[in-house]
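Novice: Okay, sequence plus prediction incoming.
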Amino acid sequence: MTTDVVQTPRSSRLLEIALRVRRANMALVLVLALLVGLTIGAFLIIVTTPSLVHSWATFFSHPGATISQNFNTVWFAYEQLFEGSLFNFHAMRLLLDHPNKANLANALGPISLTLQDATPLIVAGLGLAIGFRSNLFDIGGQGQVIAGGLIAGLIGFSLNLTPILQVSFELVAAMIAGALLASLAGVLKAYTGAHEVIVTMMSNYIMVLLMGYLLITNLFARPGVKDGASKAVTPTGQLPYFFSHLSSGLLVNVGFLIALAAVFVVQWFFNRSKTGFELLMVGQNGEAARTAGINAKRTTIITLCLAGALCGLAGMLELTGVDHFLSPNFGGSYGFDAITVALLGRNRPWGVFFGAIFFGAMYAGGEAMQAFTPTNIQYSLAQVIQAVVVFCVATPALIVEIFRLTDNGRFRSTGSSGGWTK
């Protein structure tokens, strides 16, 4: 009696690899979400560019030329998006051929812009993520950014201390200002049951109006001028730049290192500290947390204070690292974008970090795409790509269905949104 030796065919191994590739995970969902965003962006570029729309009239007579024109325009736009935010091949080639300060500054320009725009988003996103993981929705990030910027600006142009002392003073004061503003919502939530979304949202309007008033008072306005711009932060109160010796246009500064340190601190806070564990317990199951003896009121106040402190820090980093003076538009939309960054990063510290880098790249690359494409593609299309990617990441089940990924129920779950905090 003979025994046949059964060998595993090569095709079965390929099938196993294919199944692993199709297995849903967050990294794959992010990549596919970006692919969907770029595809929709390409379609919008075509339908909003008159020369491309007109080219389709000759499709049947010159199909190759039509497809080539559309493809080349979209490719060039995305090339500018990439080179304007991360890596400029032409600038790098010039640097290799002619190594000097000017070419090095040009090569570092794109990533400098991305990190500059991402820095306040990292810190504010971390703050809001702390609240979200505790089931508290702090929508007042914008107001807290302004609060931090106002107090940092007041200290920055009023004092002239040694750089380390003055910057430290601005940093601590900005965090306290943001925490105090957010603590109002925490106290009202804990002791009166007021909804934190309403309270924090209204605080945004209060801070915007308060800033508008303060900027025309003698305390903030430049002497003899009341045009809405405040006095400038003294040089000793400004964050030092990394590459200022190369070019004054490279604005990435020590604030990025502070933001990076905040990622490690928040990571440690959730993984190692007792308070962080209590916050997570309250967020996952408030009733069980109260049964275990965790003071829910105290936790609510602490959570919103921490969120506000980090948002206030974001305002200080933007003011002392980039703007150096306050204006009616100070803070832009960082406080609101930080909400999306936190959700994009699934409320995880490193997820928030990379989500903020993505947003910073879209900001910087979108401006380059509009400035350097011959068809003057609008900056808003970069925001559309950004929005589509965020939408796809926020609804991972949609990506799983579109690309027919295998899933163990993690992404197709139709339960509560609490899955984002797990």
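Specialist: Sure thing, it's come through. Numbers count the residues shown, from 1 in each chain.

Novice: And Thr406, how close does it get to Phe391?
Specialist: 23 Å (C-beta to C-beta, to the nearest Å). Any C-beta I mention is one placed from the backbone N, CA and C, and that applies to glycine too.

Novice: So for these two, which sits in the more crowded spot?
Specialist: Phe391 (15 against 11; other C-beta atoms under 10 Å).

Novice: Next, that one: secondary structure please.
Specialist: What DSSP: H, G, I helix; E, B strand; the rest coil gives for Phe391 is helix.

Novice: Mind giving me the packing neighbours of the helix or strand hosting Leu181?
Specialist: Using DSSP states H and E, Leu181 sits in helix 163-192. With contacts defined as 3 or more C-beta pairs under 8 Å, 6 or more residues apart in numbering; DSSP states H and E, helix 163-192 has these neighbours: helix 141-158, helix 196-214, helix 296-318.

Novice: report the angle between the axes of the longest one and helix 163-192?
Specialist: With axes from the mean of the first three to the mean of the last three C-alpha atoms, to 10 degrees applied, the angle from helix 296-318 to helix 163-192 works out at 150 degrees.

Novice: Name the residues of helix 296-318 that are buried.
Specialist: Neighbour-count burial for helix 296-318, counted by 16 or more other C-beta atoms under 10 Å, picks out 299-318.

Novice: same question, the shortest one
Specialist: Buried residues in helix 141-158, defined by neighbour count with 16+ other C-beta under 10 Å: 141-157.

Novice: tell me the angle the helix holding Leu181 makes with helix 141-158.
Specialist: Using the same axes, to 10 degrees: helix 163-192 against helix 141-158 is 150 degrees.

Novice: looking only at pLDDT, what's the mean for helix 163-192?
Specialist: Across helix 163-192, the average pLDDT comes to 95.

Novice: Okay, now the unreliable bits of the stretch 1-150 of the chain?
Specialist: 1-11, 14-22, 24 (pLDDT under 70).

Novice: any chance you could map the helices in it?
Specialist: Ranges of helices within the stretch 1-150 of the chain are 10-21, 26-48, 50-55, 63-83, 89-97, 101-133, 141-158, based on DSSP state H, counting those that start in this stretch.

Novice: Please identify the deepest-packed of those helices.
Specialist: Ranked by mean neighbour count, those are led by helix 141-158 with a mean of 28 (mean count of other C-beta atoms under 10 Å).

Novice: Now do the buried residues in stretch 327-334.
Specialist: Neighbour-count burial for stretch 327-334, counted by 16+ other C-beta under 10 Å, picks out Phe330, Gly331, Tyr334.

Novice: what sits against Gly228?
Specialist: By C-beta atoms under 8 Å, 6 or more residues apart in numbering, the residues touching Gly228 are Gly212, Leu215, Ile216, Ser327, Pro328.

Novice: and it, that's in a helix?
Specialist: No. If the criterion is three-state DSSP, then Gly228 is coil and not within a helix.

Novice: hang on, the earlier thing: mind putting the contacts of Gly228 in TSV, distance to Glu83 included?
Specialist: Shown next, in TSV, are the contacts of Gly228 (distance: C-beta to C-beta, whole Å):
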residue	distance to Glu83
Gly212	38
Leu215	37
Ile216	42
Ser327	30
Pro328	33
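
Novice: closest to Ile206 out of the helices of the stretch 1-150 of the chain?
Specialist: Ile206 lies closest, by C-beta to C-beta, to one member of the helices of the stretch 1-150 of the chain: helix 141-158, at 6.6 Å.

Novice: export that closest one as PDB, just CAs?
Specialist: The C-alpha trace of helix 141-158 is given here as PDB (Å, rounded to 0.1, in the frame of the first residue of the first chain):
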ATOM      1  CA  GLY A 141     -11.700  73.900  20.800                       C
ATOM      2  CA  GLN A 142     -11.800  77.100  18.700                       C
ATOM      3  CA  GLY A 143     -12.600  79.300  21.700                       C
ATOM      4  CA  GLN A 144     -10.000  77.600  23.800                       C
ATOM      5  CA  VAL A 145      -7.300  78.100  21.100                       C
ATOM      6  CA  ILE A 146      -8.300  81.800  21.100                       C
ATOM      7  CA  ALA A 147      -8.100  82.000  25.000                       C
ATOM      8  CA  GLY A 148      -4.600  80.500  24.900                       C
ATOM      9  CA  GLY A 149      -3.500  82.900  22.200                       C
ATOM     10  CA  LEU A 150      -4.900  85.900  24.000                       C
ATOM     11  CA  ILE A 151      -3.100  85.300  27.300                       C
ATOM     12  CA  ALA A 152       0.100  84.200  25.500                       C
ATOM     13  CA  GLY A 153       0.000  87.400  23.400                       C
ATOM     14  CA  LEU A 154      -0.600  89.600  26.500                       C
ATOM     15  CA  ILE A 155       2.400  88.100  28.200                       C
ATOM     16  CA  GLY A 156       4.400  88.000  25.000                       C
ATOM     17  CA  PHE A 157       4.200  91.700  24.200                       C
ATOM     18  CA  SER A 158       4.100  93.000  27.800                       C
END
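
Novice: gap between that helix and the chain center?
Specialist: 20 Å (C-alpha atoms, centre = their mean, to the nearest Å).

Novice: do the same with stretch 246-265
Specialist: In this view, stretch 246-265 has its centroid 14 Å away from the chain centroid, taken as C-alpha atoms, centre = their mean.

Novice: Just the buried residues of it, please?
Specialist: Buried, per 16+ other C-beta under 10 Å, within stretch 246-265: 246-247, 250-256, 258-259, 262-263.

Novice: which residue ends up closest to the midpoint of this protein in space?
Specialist: Nearest residue to the geometric centre of the chain (C-alpha atoms, centre = their mean): Ala356, 2.7 Å.

Novice: nearest residue to that one other than its sequence neighbours?
Specialist: Spatially, and ignoring its direct neighbours in sequence, Ala356 is nearest to Leu121 (3.8 Å; C-beta to C-beta, 6 or more residues apart in numbering).
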